[in-house]
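Trainee: kindly return the folded structure for what I paste below:
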Amino acid sequence: MEEKPLADWNSGLCDCCDDASSCCFGYWCSPCLASRVSRRFGENPFLFCFDNSGYFGCSCPGALSMRVAMRYKYGIKGSLCKDIFISWCCTSLSWCQMHRELKHRKKDPVVISAQSPTTVNMQPAPVMMMMMPPPVNYICQPVVVQDSG
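Mentor: Residues are numbered from 1 along each chain as shown. Coordinates of the predicted model:
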């Protein structure tokens, strides 16, 4: 089986000026950005909660696990040592970089059709009306039968 060559991240760690909306989102509401990145990547949106819990010393396991998973899935160059260092020292920048990567990779596809659209005219289904005979006025008159005998 042939291995694909590893690619670089779409943007650098400090390339916040390339996407000001991601940068502002990460700066003003880093947990919201981390939640959005996790959800778009298919993970639990509350993964970021482990980053600030204090139970793991100085490491940020939420950012670290997302960074490693994203590198593995998209074939991005890097190492676990770099991921640990970036997740620990630059947590918000790391989430911003992952957000930009997902925006780049998960663009909505544009479908262009070269065929002319087919128009189908459908008429409504026929309504069957039951034909009733016209009303007949029956007049009941007494009949007199005479005995001829």
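Trainee: so, low pLDDT: which residues of the protein?
Mentor: 1-2, 52-59, 107-149 (pLDDT under 70).
Trainee: quick one, helices of it?
Mentor: With DSSP state H applied, the chain shows helices at 20-28, 30-41, 61-74, 80-89, 91-105, listed in chain order.
Trainee: mind listing what's buried along the second one?
Mentor: By 16 or more other CB atoms under 10 Å, the buried positions in helix 30-41 come out as 30, 31, 33, 34, 35, 36, 37, 38, 41. (Glycine included, C-beta is placed from N, CA and C.)
Trainee: number of nearby residues for the nearest residue to the first one once chain neighbours are set aside?
Mentor: Right, residue 30. Spatially, and ignoring its direct neighbours in sequence, residue 30 is nearest to residue 92 (4.9 Å; CB to CB, 6 or more residues apart in numbering). One way to gauge burial is a neighbour count; for residue 92, by other CB atoms under 10 Å, it gives 17.
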